[in-house]
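Trainee: Structure here, sequence nowhere to be found:
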């Protein structure tokens, strides 16, 4: 009888280990679904940071060598691609010479989930405002159409998920880097929380059933100090983040994020990727890399 009991306990342990391995959500564990990250917003999500400003001096030789190669197990789809491709430097506003937060995000996710493929669907449009260009159904008056960016975003997400439908895709996070354009308009800045609540609510009505746990995690980020009403927009972002445990806000204004003795991500030390001088509108390369790292870490923490 004791021998039979021992055999039963052994079989139960094997079953439990296999079940937990299949259903767990942390590092190195297998998943019964494929992780998907959505990236959207305006120009700092599009990516204007210069590839050639990532150097051995500022990120180290080993890290630069690694990031200079495609990150094979994290794949991205943008409106310029027909199919998902491994994340690489050069998927920004100016192909091959600029990049966005997808690099830092992929760097983290490839480390956290080394034995899984992770998919990114990215749709962002520079210079766009939430109050005008990303109007969702709850933001428009009766008989009015949603804004073109919102329409394109939702259609692009749908098409991207359909491309990998056989892999049982589940959204683990929606990353949003936006608000700079709204910070140039007092009324838009003041209404940012209300507009963001409607925007995210409409997205969740569309995407919750495709999200892990049936609720989409929304990961936002504070905007920088260059913008006229940035304090108002960032306070509105804080207000929205506090309304749900599924809302997350990255504090990109913390001290020493990328440079000792300097507050926040930096956007005032490098020229643009084209002919212009110092570009104060878009994050410098190391700050863009850090922004992506922060997105990736928050997505992992939220699981």
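Mentor: Arrived safely, thanks for sending. Please read all numbers here as calculations on a predicted model, not as lab measurements.
Trainee: Show me the shaky parts of the stretch 151-300 of the chain.
Mentor: 275-276 (pLDDT under 70).
Trainee: Please give the element, helix or strand, for the residue most central in space within the chain.
Mentor: Nearest to the mean C-alpha position of the chain, by C-alpha atoms, centre = their mean, lies residue 175 at 3.1 Å. Assigned by DSSP states H and E, residue 175 falls within strand 169-177.
Trainee: Which other helices and strands does that strand contact?
Mentor: strand 34-41, helix 43-46, helix 192-207, strand 218-221, helix 285-301 (3 or more C-beta pairs under 8 Å, 6 or more residues apart in numbering; DSSP states H and E). In this view, the C-beta of every residue, glycine as well, is placed from N, C-alpha and C.
Trainee: if you set the cut-off to 7 Å instead, what comes out?
Mentor: strand 34-41, strand 218-221, helix 285-301 (3 or more C-beta pairs under 7 Å, 6 or more residues apart in numbering; DSSP states H and E).
Trainee: How about the contacts made by residue 292?
Mentor: By C-beta atoms under 7 Å, 6 or more residues apart in numbering, the contact set of residue 292 is 101-105, 107.
Trainee: Looking at the residues you listed, which is nearest residue 232?
Mentor: Of all those, residue 232 sits closest to residue 101, with 23.6 Å by C-beta to C-beta.
Trainee: Got the confidence number for the closest one?
Mentor: Residue 101 carries a pLDDT value of 98.
Trainee: To what extent is residue 104 buried, counted in neighbours?
Mentor: 24 (other C-beta atoms under 10 Å).
Trainee: ok, now the one 4 residues further on?
Mentor: As a burial measure, the neighbour count of residue 108 was computed by other C-beta under 10 Å and equals 19.
Trainee: Identify the residue spatially nearest to it, adjacent ones excluded.
Mentor: Excluding its sequence neighbours, the residue lying closest to residue 108 (C-beta to C-beta, 6 or more residues apart in numbering) is residue 296, at 2.9 Å.
Trainee: Isn't that neighbour up against residue 104?
Mentor: Yes: in this structure, residue 296 is within contact of residue 104 by C-beta atoms under 7 Å, at 6.5 Å.
Trainee: Quick one: the helices in the stretch 51-200 of the chain, in order.
Mentor: All helices of the stretch 51-200 of the chain, identified by DSSP state H, counting those that start in this stretch, fall at 56-59, 61-67, 102-112, 130-133, 148-163, 186-190, 192-207.
Trainee: sorry, back to before: contacting residues around the strand holding residue 175?
Mentor: 33-41, 44-45, 101, 119, 161, 203, 207, 210-212, 216-221, 295, 299, 302-303.
Trainee: what about 6 Å?
Mentor: Residues from elsewhere that reach strand 169-177 (C-beta atoms under 6 Å, 6 or more residues apart in numbering): 33-41, 44-45, 161, 207, 210-212, 216-221, 295, 299.
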